[in-house]
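Q: All I have is the shape, not the residue letters:
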């Protein structure tokens, strides 16, 4: 029997449940969380980013995050975030995206799932995030979009 995979979920996936384009796959991902395939890990950063969202998105986050773990910011995550920025993985303008990856890495998640294809789920950046992780004494982390981790029924 496989143990569940610790998956950090960023803000985009919670919002995706209510977006026409991303709704079906996002809902299937969270169903996999509910059935125990994944251990949901999120953060106060996600909660803060969802604050201006419609109530239904915030309510969904509150409901589903109760089944998982909400991690706090740490000096360790902030230092790793700063390493991503100083190494040029992302610019300082996108420091929050780097912080999501740092939080996932420093809390021993196996994977981060995101719809952010520009600054997180991006083949070049994935390699760079992992290079910085290794230089800082961490392992690599899988960085995927929801369709990459939701099993097809076919």
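A: Nice, I can see it. Predicted model, so just to flag it, every value in this text is computed and none were measured.

Q: now the helices for the protein?
A: In the chain, the helices defined using DSSP state H lie at 11-16, 23-34, 44-50, 55-65, 75-86, 95-106, 123-135, 146-149.

Q: of the ones you listed, which approaches residue 115 most closely?
A: helix 11-16 (3.8 Å; C-beta to C-beta). Where you see a C-beta, it was placed from the backbone N, CA and C, and this is true even at glycine.

Q: Average pLDDT for the closest one, rounded please.
A: Mean pLDDT, helix 11-16: 95.

Q: repeat for stretch 19-30
A: According to the model, stretch 19-30 has a mean pLDDT of 95.

Q: quick one: contacts for the spatially closest residue to residue 117 that is not a sequence neighbour?
A: Residue nearest to residue 117 in three dimensions, not counting chain neighbours: residue 145, with 7.2 Å by C-beta to C-beta, 6 or more residues apart in numbering. Contacts here follow C-beta atoms under 8 Å, 6 or more residues apart in numbering; on that basis residue 145 touches 113-115, 117, 121.
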